[in-house]
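Undergrad: I'll drop the sequence and a predicted model, then ask my questions.
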Amino acid sequence: SQQGEEDPQALSIQEGENATMNCSYKTSINNLQWYRQNSGRGLVHLILIRSNEREKHSGRLRVTLDTSKKSSSLLITASRAADTASYFCATDDRGSTLGRLYFGRGTQLTVWP
Amino acid sequence: EPEVTQTPSHQVTQMGQEVILRCVPISNHLYFYWYRQILGQKVEFLVSFYNNEISEKSEIFDDQFSVERPDGSNFTLKIRSTKLEDSAMYFCASSGDGEKLFFGSGTQLSVL
């Protein structure tokens, strides 16, 4: 299946440090997205990177995409306690309908003040 | 900021009962979705809805499931005869472009 897989499963850092999460997937994609989920809440879209892009920035977020390795990374710089959440990568599939996303299990990020 | 709203936030039901989960998508969005997340597992796609019809459904979305957009603002998921394994957090999502999805906070369904 297309589902992404994030690693690590859990990441614990101090405020001010950078957090890097990785995602791998299996088949061809049009785009890859990262979402954030606070405990008990819905998923919030963070950033979308298209298959013809290699890097994208949004505020303190930097996403890279390597389609040859079928992998992506999400970097959060200068982390804050409020960044504590689960982070999911989600891929589409070129054969599927718009908006059918395949999620990984997520990385649980804990940022200590 | 516009948001997707879901009701109820929690629903407890007996096995075999029908449940309807309700969602109000963002008003100018055209694409609507239901996803679910069983505790400890991945978020899974159930169904997508566009132009008043189902675009795609997963293997999970069997004959016990149905979706409806009855009045141009609400989007509902009905489970006709709930099973224990239907217990999960159900998320509604909408999108204006079919790529970036906006999710609601979910309905936690517990089937006893």
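TA: Sure, I can see it.
Undergrad: what residue in chain B comes nearest to chain A?
TA: Proximity of chain B to chain A (Cβ to the nearest Cβ) peaks at residue B:98, 3.0 Å away. All C-beta spots, glycine's among them, are computed from the backbone N, C-alpha and C.
Undergrad: go ahead and confirm that residue touches residue A:101.
TA: No: Residue B:98 lies out of contact with residue A:101 (Cβ atoms under 8 Å); the separation is 10.7 Å.
Undergrad: between the two, which one's more packed in?
TA: More crowded of residue B:98 and residue A:101, by other Cβ atoms under 10 Å in any protein chain shown: residue A:101, with 29 against 18.
Undergrad: who's in contact with that one?
TA: Applying Cβ atoms under 8 Å, 6 or more residues apart in numbering or on different chains, we find residue A:101 in contact with A:33, A:90-92, B:35, B:45, B:101.
Undergrad: which ChimeraX command selects the buried ones in those residues?
TA: Filtering these down to the buried ones (16 or more other Cβ atoms under 10 Å in any protein chain shown) takes a single ChimeraX command:
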select /A:33,90,91,92 /B:35,45,101
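Undergrad: any low-confidence regions in chain A?
TA: A:1-3 (pLDDT under 70).
Undergrad: got the residue ranges for the strands in the chain?
TA: The chain I'm using is chain A. A:5-7, A:10-14, A:19-24, A:31-37, A:43-50, A:55-58, A:61-66, A:71-76, A:85-91, A:102-103, A:107-112 (DSSP state E).
Undergrad: meant chain B actually
TA: Going by DSSP E, chain B shows strands at B:5-7, B:10-13, B:19-24, B:31-37, B:43-50, B:53-57, B:65-68, B:75-79, B:88-95, B:102-103, B:107-111.
Undergrad: dump the ones you listed into a markdown table; add mean pLDDT and distance to residue A:77 as well.
TA: As requested, the strands of chain B are arranged in a markdown table below (pLDDT from 0 to 100; distance: least, Cβ to Cβ, whole Å):
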| stretch | mean pLDDT | distance to residue A:77 |
| --- | --- | --- |
| strand B:5-7 | 95 | 33 |
| strand B:10-13 | 97 | 37 |
| strand B:19-24 | 97 | 35 |
| strand B:31-37 | 96 | 29 |
| strand B:43-50 | 94 | 26 |
| strand B:53-57 | 93 | 37 |
| strand B:65-68 | 96 | 40 |
| strand B:75-79 | 97 | 37 |
| strand B:88-95 | 96 | 28 |
| strand B:102-103 | 95 | 25 |
| strand B:107-111 | 97 | 34 |
